[in-house]
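# Kindly generate the corresponding structure for this input.
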Amino acid sequence: MKFLRPLAVVAFGAVLSTSVMAAPMMVRKPMGAPTTIHMKAQNGSGQIGTATLRDVSGAVQVELHIANVPAGAAEPAHIHIGSCAVLNPHPYLALSNVVNGNSTTLITRTAVPGGITVAKLMSGHYAINVHDAKNLKRYVSCGNL
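Next up, the predicted model:
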């Protein structure tokens, strides 16, 4: 009986140290709270919707949901410096094309010098812009970040 007590203490200590050491690897960082902005129609397109941004591990996820996109169209989407009223025509970050009204893009933090986060996009002077698939100079939807 005296021999079993030290063995039980050693076994308990081994289990405890293993579970303590393994615990940090099992913890996953939850996705950040989403930030949603309204996308407004431009140039009579009728294309309205939402853009939802959220911080995820090592990236920013941008989801666009746009109504009234023409069937079969793949409309280019970008984040631009500026606002919907005064937009720098050169894209800051490319997003996935809007197809069937939807687009999902993961922008890695390292895609931008100094990193990118939702907070950085929301504190700067940026806008999400969707272009007409047949005429890239025609903007069909825009939302200020």
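# Mind jotting down where the helices sit in this structure?
Ranges of helices in the chain, per DSSP state H, are 4-26, 118-123.
# which ones are touching the most centrally placed residue in the chain?
The chain has residue 61 as the residue nearest its centroid, 1.4 Å off, counting by C-alpha atoms, centre = their mean. Listed by C-beta atoms under 8 Å, 6 or more residues apart in numbering, the contact set of residue 61 reads 31, 53-55, 104-107. In this view, the C-beta of every residue, glycine as well, is placed from N, C-alpha and C.
# now swap in residue 91 and tell me
Neighbour list for residue 91: 78-80 [criterion: C-beta under 8 Å, 6+ apart].
# thinking again about what came up before, of the contacts of residue 61, closest to residue 85?
Nearest to residue 85 out of the contacts of residue 61 is residue 53 (C-beta to C-beta; 20.5 Å).
# Give me the pLDDT for that closest one.
The model reports residue 53 with a pLDDT of 97.
# So it sits against residue 64, correct?
No - contact criterion C-beta atoms under 8 Å: residue 53 and residue 64 do not qualify, at 10.1 Å.
# For PyMOL, write the selection for the buried entries among the contacts of residue 91.
To isolate the buried members of those in PyMOL, using 16 or more other C-beta atoms under 10 Å:
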select buried, resi 78+79+80
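# now, which of the contacts of residue 91 sits nearest residue 70?
Using C-beta to C-beta, residue 78 comes nearest to residue 70 of the contacts of residue 91, at 18.8 Å.
# Could I get the full set of strands for this structure?
Along the chain, counting by DSSP state E, strands occupy 35-41, 49-56, 59-66, 74-82, 87-99, 102-108, 126-131, 139-144.
# what mean pLDDT would you report for the fourth one?
So the one you mean is strand 74-82. 97.
# So which elements touch it?
In this structure, strand 74-82 packs against strand 59-66, strand 87-99, strand 126-131, with contacts taken as 3 or more C-beta pairs under 8 Å, 6 or more residues apart in numbering; DSSP states H and E.
# Return the helix or strand in the chain with minimum mean pLDDT.
Within the chain, no helix or strand scores below helix 4-26, which has a mean of 41 by mean pLDDT, DSSP states H and E.
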